[in-house]
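**Student:** could you look at this predicted model? Sequence included:
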Amino acid sequence: MGLLVHSSPLASVRGSLRETTTQKPIVDCEIKVTGYAKTESFVIDSDGRFQIPRLFPGTYTIDLEAFGHERVSQTITVGTENITLDLTTRRLY
């Protein structure tokens, strides 16, 4: 008898990062995910949107760092559903 493997789709996190006051998208940003299986950098597009694909169920911390802005840290719990985050950051100077 063979091993039965139940395959369920993995969830993704999609989101955006905007400057708090102006609501302009932040496009130059580093995203780190604690608890993610791979070491990978995630890209923010010209509209300030990002996607972190294929997350197994569990708890992750997402850190976003943009030059001249406060660091944004968000802890999420992933199940089987995709998650959407709309984040803002304050300009430091």
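**Tutor:** That came through, no problem. Numbering: from 1, shown residues only.
**Student:** in the least confident helix or strand in the chain by mean pLDDT, what's buried?
**Tutor:** Lowest mean confidence among the helices and strands of the chain (mean pLDDT, DSSP states H and E): strand 29-34, at a mean of 89. By neighbour count on 16 or more other C-beta atoms under 10 Å, the buried set for strand 29-34 is 29, 31, 33. For the C-beta atoms, the positions are set from N, CA and C on the backbone; glycine is no exception.
**Student:** element containing residue 46, please.
**Tutor:** In the assignment (DSSP states H and E), residue 46 maps to no helix and no strand.
**Student:** can you tell me how far the residue nearest to it when sequence neighbours are not counted sits from residue 49?
**Tutor:** Ranked by C-beta to C-beta, 6 or more residues apart in numbering and with sequence neighbours excluded, the top spatial neighbour of residue 46 is residue 27, at 5.7 Å. Remark: distance between residue 27 and residue 49 (C-beta to C-beta, to the nearest Å) = 9 Å.
**Student:** the residue nearest to residue 46 contacts residue 44, correct?
**Tutor:** Yes. Using C-beta atoms under 8 Å, residue 27 makes contact with residue 44 at a distance of 5.5 Å.
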